[in-house]
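Peer 1: Starting from these lines, generate the structure:
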Amino acid sequence: MVRIETRYEGDLHTSCLHEPSGCRLSTDAPRDNEGRGESFSPTDLLATALATCILTVMGIVARRHDWKLEGARALVEKHMVTEPRRRVGRLVVRVEMPAGLPVTARTVLERAAQTCPVKQSLHPDLAVELAFAWGD
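Peer 2: Numbering: from 1, shown residues only. This next block holds a predicted model:
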């Protein structure tokens, strides 16, 4: 169990504390939803959680095989929808892989990305488009 404390600071801002590490982050509502967009929005954190989970799970698998994953990047586009209610409708993720990985790593790492816990936790109505660019 991990505990995260979130406090509403007013003016659509929150501050969050990850109790195990003491790490902090803040959020603000986006400009298109009455905020100032001064930090990650809650839905930005959802997109960020997916990207970081994909890279982390791939990193675990790469470490087990002694494959070097340093320099890999995940770029996420978050697309909001308003009907039937405001929510994240689509996440487009492009994973850019570093050069030097063996061809045999591709299937293994792509499968790992598809099975990351965040992706598996998302509602099926949320479209996730996941693509890879291999740095050969």
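Peer 1: other SSEs contacting the top strand by length along the chain?
Peer 2: Counting residues, the longest strand found in the chain (DSSP state E) is strand 87-97. Applying 3 or more Cβ pairs under 8 Å, 6 or more residues apart in numbering; DSSP states H and E, one finds that strand 87-97 contacts helix 42-65, strand 73-81, strand 127-134. All C-beta spots, glycine's among them, are computed from the backbone N, C-alpha and C.
Peer 1: one more time with 10 Å
Peer 2: helix 42-65, strand 73-81, helix 105-114, strand 127-134 (3 or more Cβ pairs under 10 Å, 6 or more residues apart in numbering; DSSP states H and E).
Peer 1: I'd like the ones you listed as CSV, with distance to residue 31 appended.
Peer 2: Formatted as CSV, the helices and strands packed on strand 87-97 follow (distance: least, Cβ to Cβ, whole Å):
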stretch, distance to residue 31
helix 42-65, 12
strand 73-81, 12
helix 105-114, 31
strand 127-134, 24
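Peer 1: so can I have JSON lines of these showing mean neighbour count and distance to residue 23?
Peer 2: Formatted as JSON lines, the helices and strands packed on strand 87-97 follow (neighbours: other Cβ atoms under 10 Å; distance: least, Cβ to Cβ, whole Å):
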{"stretch": "helix 42-65", "mean neighbour count": "17", "distance to residue 23": "13"}
{"stretch": "strand 73-81", "mean neighbour count": "15", "distance to residue 23": "20"}
{"stretch": "helix 105-114", "mean neighbour count": "16", "distance to residue 23": "24"}
{"stretch": "strand 127-134", "mean neighbour count": "14", "distance to residue 23": "26"}
